[in-house]
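# I need the structure of the sequence given here:
(one chain, ligands or ions: 1)
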Amino acid sequence: MSQVNEHHHAPSTPGKLKPEKSPYNHRLRIHSSLSKLTLWSSFFLAFILFLFILSPPSPSASPRRSLGDSWGGPHWEKRVAKSARRSSPSSLSVLVTGAAGFVGSHVSLSLKRRGDGVLGIDNFNRYYDPALKRARQRLLDRAGVFVVDADLNDAALLRKLFDVVPFTHVMHLAAQAGVRYAMQNPQSYIHSNIAAFINLLEASKSANPQPSIVWASSSSVYGLNSKVPFSEKDRTDQPASLYAATKKAGEEIAHSYNHIYGLSITGLRFFTVYGPWGRPDMAYFFFTKDILKGKQIAIFESPDGGTVARDFTYIDDIVKGCLGALDTAKKSTGSGGKKKGPAQFRVFNLGNTSPVPVTELVAILEKLLKVKAKKKVLPMPTNGDVKFTHANISLAHRDLGYRPTTDLETGLRKFVKWYLEFYSKKTSW
Ligand SMILES: O=C(O)[C@H]1O[C@H](OP(=O)(O)OP(=O)(O)OC[C@H]2O[C@@H](n3ccc(=O)[nH]c3=O)[C@H](O)[C@@H]2O)[C@H](O)[C@@H](O)[C@@H]1O
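All right, here's what the predicted structure looks like:
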């Protein structure tokens with residue numbers, strides 16, 4: 001989820017519907033009956049509004065935002081608490097940010113399935129089709145995960161959530177993703193990846209108990225690093241995009257909160273995650289769409305004419321890495337907003353350890369879709385793309401038990417199956 005703040009959560013003010021009094025109603029009867037009518041219809045409207053505010057949001061609610069989406073109130077708090085309730089004291093209670101996003105929805109479902117309490121939050125912004133996010137939300141709703149429709153920059157909301165639920169963990173997956181979009185909308189990266197993250201850390205450090213935090217960084221922090229495979233020890237001070245720079249900044253900000261407040265924080269550097277329910281802004285997704293439509297696709301090659309490759313990582317492997325990170329996270333040490341001792345601080349690569357050229361990705365898609373792609377080879381744009389990514393995952397293997405098992409063809413087969421079903425409209429999600 002990205003955090004473009006399009007929405008306000010001003011409490012509804014039914015009191016504003018007070019009937020107006022006419023100073024002339026003693027003179028003219030007609031005026032009198034008119035003002036009575038106005039009075040009664042105002043009461044009626046206020047009553048309807050009151051009922052509407054009290055009514056529980058329907059699980060099959062339309063993707064449109066409604067007054068019922070505003071947060072607060074006893075019914076809302078009950079829903080929040082219920083969703084976050086764990087099945088046993090040894091289970092986790094996790095606040096998942098970006099829960100209606102690609103990785104967020106998968107992680108939320110996995111946690112819920114194994115008995116953890118999960119509360120989601122997402123701002124449903126329009127970076128890509130919100131209808132897909134709403135479809136993921138419906139899946140979550142059916143599984144018993146409530147997704148609060150709000151922006152992480154809303155500090156009062158976050159305080160409220162931590163008041164209602166003593167979260168043991170925060171899985172922070174909300175972000176403005178995408179490498180190339182940063183040229184178009186730089187502010188959205190600051191809003192979501194910097195400001196929202198700080199807001200979340202502020203709320204977490206003041207919470208009692210302080211949760212342990214696991215969050216999504218990115219392989220893009222390696223930027224112009226040319227030493228392969230990328231190890232956590234390699235330099236990450238040469239970002240090639242604003243997106244990468246904000247993720248790197250997030251890692252440094254996380255360190256300062258760990259140092260000052262004793263928050264336990266784990267950053268996960270994801271490597272080009274793909275799979276069912278994925279993000280339509282990513283190449284494998286829109287290549288599939290365009291190939292099926294017979295539209296030309298652009299395949300980037302590096303400035304020296306070489307292939308561009310990615311360490312594409314399947315969503316189920318990433319989910320296992322996220323759960324491994326949550327399960328091995330130590331407790332935060334602070335309380336009352338004050339550090340009581342040193343806290344855990346970790347960074348892991350979560351990749352597949354086998355880079356595949358984009359040309360190969362396209363060949364697999366052509367095979368699975370049984371359609372020849374109309375390809376055009378173009379020089380890689382200079383707006384943030386890097387030539388090559390390749391993860392060294394020995395640290396994640398050692399500490400999280402992380403071991404990816406899905407190769408690109410197997411994973412893309414699952415993606416294509418989902419894609420065809422989802423967009424066939426035969427299944428209603
Ligand atoms: O690993 C990561 O850290 C990042 O992975 C992806 O970024 P990227 O690998 O650039 O993914 P895509 O945008 O799907 O591009 C995949 C490959 O296709 C190439 N590409 C993209 C678009 C296009 O039209 N043609 C093309 O050849 C890109 O150069 C790249 O090599 C995600 O979009 C980021 O949010 C994430 O943080």
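# residue ranges of the strands in the stretch 301-429 of the chain, please?
Using DSSP state E, counting those that start in this stretch, the strands found in the stretch 301-429 of the chain span residues 309-310, 313-314, 345-350, 356-357, 374-379.
# Can you tell me which of those strands is packed in deepest?
Highest mean neighbour count among these (mean count of other CB atoms under 10 Å): strand 313-314, with a mean of 26. Where you see a C-beta, it was placed from the backbone N, CA and C, and this is true even at glycine.
# Does the ligand have contacts with that one?
No. Against the ligand, strand 313-314 shows no contacts by CB under 6 Å from any ligand atom, the least distance being 8.0 Å.
# quick check, distance from that strand to the centre of its chain.
Its chain's C-alpha centre and that of strand 313-314 lie 17 Å apart, by CA atoms, centre = their mean, to the nearest Å.
# That one pairs with which strands?
Sheet pairing of strand 313-314 (DSSP bridges) gives strand 273-274 (parallel).
# Could you list the residues of the stretch 51-200 of the chain in contact with the ligand?
177-179.
# export these to JSON lines and tack on neighbour count?
Below are those laid out as JSON lines (neighbours: other CB atoms under 10 Å):
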{"residue": "Ala177", "neighbour count": "29"}
{"residue": "Gly178", "neighbour count": "20"}
{"residue": "Val179", "neighbour count": "20"}
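# Show me which of the residues you listed is closest to the ligand.
Ala177 (3.6 Å; CB to the nearest ligand atom).
# The closest one - that's part of a strand, no?
No. Counting by DSSP: H, G, I helix; E, B strand; the rest coil, Ala177 is not part of a strand but coil.
# and it, backbone torsions?
With angles defined as degrees, to the nearest 10, Ala177 sits at phi -90, psi 180.
# list the contacts for it?
Contacts were defined as CB atoms under 8 Å, 6 or more residues apart in numbering; by that measure Ala177 touches 2, 127, 243, 279, 281.
# With distance to Tyr222 and mean pLDDT as extra columns, can I get the strands of the stretch 301-429 of the chain in JSON lines?
Below are the strands of the stretch 301-429 of the chain laid out as JSON lines (distance: least, CB to CB, whole Å; pLDDT from 0 to 100):
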{"stretch": "strand 309-310", "distance to Tyr222": "12", "mean pLDDT": "98"}
{"stretch": "strand 313-314", "distance to Tyr222": "15", "mean pLDDT": "99"}
{"stretch": "strand 345-350", "distance to Tyr222": "9", "mean pLDDT": "98"}
{"stretch": "strand 356-357", "distance to Tyr222": "17", "mean pLDDT": "98"}
{"stretch": "strand 374-379", "distance to Tyr222": "21", "mean pLDDT": "96"}
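# wait, which of those is closest to Thr168?
Closest of the strands of the stretch 301-429 of the chain to Thr168 is strand 345-350, at 17.0 Å (criterion: CB to CB).
# And that closest one, how far out from the chain middle?
On CA atoms, centre = their mean, the centre of strand 345-350 falls 19 Å from that of its chain.
# Please determine whether that strand lies in contact with the ligand.
No. Residues of strand 345-350 are not located near the ligand by CB under 6 Å from any ligand atom, the shortest gap being 9.6 Å.
# Widest-spaced pair of the contacts of Ala177?
Largest pairwise distance in the contacts of Ala177, by CB to CB, is 13.3 Å, between Tyr243 and Arg279.
# ok, the two, which is more surrounded?
Tyr243 (25 against 19; other CB atoms under 10 Å).
# re the thing from before, what's the closest of the residues of the stretch 51-200 of the chain next to the ligand to Leu369?
Gly178 (23.7 Å).
# Helix, strand or coil: sort out the residue nearest to the closest one when sequence neighbours are not counted for me.
Spatial nearest neighbour of Gly178, chain neighbours left out: Asp281 (5.2 Å); criterion: CB to CB, 6 or more residues apart in numbering. When classified by three-state DSSP, Asp281 comes out as coil.
# Could you report the neighbour count for Asp281?
Count around Asp281 with other CB under 10 Å applied: 15.
# how near is it to the ligand?
Asp281 is 7 Å from the ligand, where distance means CB to the nearest ligand atom, to the nearest Å.
# That residue contacts Tyr128, doesn't it?
Yes. The criterion here is CB atoms under 8 Å, and Asp281 meets it with Tyr128 at 5.1 Å.
# If I look at the residue positioned nearest the centre of the chain, what pLDDT would I see?
The geometric centre of the chain, computed from its C-alpha atoms, lies nearest to Gly98 (CA atoms, centre = their mean), at 2.2 Å. Among the per-residue scores, Gly98 shows a pLDDT of 98.
# swap in Thr38?
52.
# what do you get for Ile53?
43.
# just Leu45 next, same as before
At Leu45, pLDDT is 48.
# Equivalent analysis for Asp304, please.
pLDDT recorded at Asp304 is 84.
# how many neighbours does it have?
Applying other CB under 10 Å, I find that Asp304 has 6 neighbouring residues.
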